[in-house]
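> Sharing a sequence plus its predicted fold:
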Amino acid sequence: MKRMTFILLLYCLIFINCASIEARNFEQRIVSQGKNLLSNTLIQIRASELAYYSEISLDDITYWVSIKQNRLIYIRTSDIHFKTKDKLSVNSTVAECIDKYPNSIYVEPGFCIFVKLKDGWRACISTDLEHIPLAGKIQYFYKTDNNYYWTLTEWINYIEQDAEFLEDSISPGVLFLPAEDDRFECCQ
């Protein structure tokens, strides 16, 4: 029994290490291809930050990448040929994505509502921070070095707290727009 446990543990370690090596190789390929491309175009990589990006093609998939000091800080794709390990693409609906990851919905304030996937990608499901369009399509996939995000529950609580002061406050607060029929309104 101990021998079987040892073999199983060894197999798991090798598998995890191979997946990690595969991810590092992908990032190294992106950095080596993108670092020599000069761009004067900016892309929003988080709520308060813009960065220069390069458009590159790798394995017939187009990516927008931002690299600082030979380190990948942001990568994004909306290429129809891109598929995550669990077969999600920009042709997948938001509802499909949420069905696969019901407890992985987060909000990057000022940026988007996203679903955090197991393979490290984030699926942007809405840039409207007040609505989640269940019938809509995933807008794009991205990875970032930004780990500042809120759970959906934390975000809803924040919006509801801020909404109490809209009438009497000079704070811009959060405006609630009517949801369309095929949308889920975050804060009911």
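Cool, the structure landed. Numbers count the residues shown, from 1 in each chain.
> CA only for contacts and neighbour counts going forward, please
OK.
> any idea how far residue 118 is from residue 41?
Per CA to CA, to the nearest Å, residue 118 is found 31 Å from residue 41.
> Residue 121 too?
For residue 121, the distance to residue 41 equals 23 Å [CA to CA].
> neighbour count winner among the two?
residue 121 (18 against 10; other CA atoms under 10 Å).
> Under the pLDDT cut-off, which ranges of this protein? List them.
1-40, 162-188 (pLDDT under 70).
> List the residues that contact residue 121.
When contacts are counted by CA atoms under 8 Å, 6 or more residues apart in numbering, residue 121 touches 84, 141-143.
> Put the alpha carbons of stretch 139-154 into PDB.
Taking Å, rounded to 0.1, in the frame of the first residue of the first chain, the C-alpha atoms of stretch 139-154 are listed here in PDB:
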ATOM      1  CA  GLN A 139     -15.800  39.000 -24.400                       C
ATOM      2  CA  TYR A 140     -12.100  37.900 -24.200                       C
ATOM      3  CA  PHE A 141      -9.600  35.900 -22.100                       C
ATOM      4  CA  TYR A 142      -6.700  37.400 -20.300                       C
ATOM      5  CA  LYS A 143      -4.000  36.900 -17.800                       C
ATOM      6  CA  THR A 144      -2.500  39.600 -15.700                       C
ATOM      7  CA  ASP A 145      -0.100  40.100 -12.800                       C
ATOM      8  CA  ASN A 146      -2.900  42.100 -11.100                       C
ATOM      9  CA  ASN A 147      -4.300  40.200  -8.100                       C
ATOM     10  CA  TYR A 148      -6.500  43.000  -6.900                       C
ATOM     11  CA  TYR A 149     -10.100  41.800  -7.300                       C
ATOM     12  CA  TRP A 150     -13.300  41.300  -5.300                       C
ATOM     13  CA  THR A 151     -15.600  38.400  -5.000                       C
ATOM     14  CA  LEU A 152     -19.000  39.000  -6.600                       C
ATOM     15  CA  THR A 153     -20.600  39.100  -3.100                       C
ATOM     16  CA  GLU A 154     -18.100  41.700  -1.900                       C
END
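> List the buried residues in that stretch.
Going by neighbour count (16 or more other CA atoms under 10 Å), the buried part of stretch 139-154 is 139-144, 149-150, 152.
> Relative to residue 51, which of these is nearest.
Using CA to CA, residue 144 comes nearest to residue 51 of the buried residues of stretch 139-154, at 12.0 Å.
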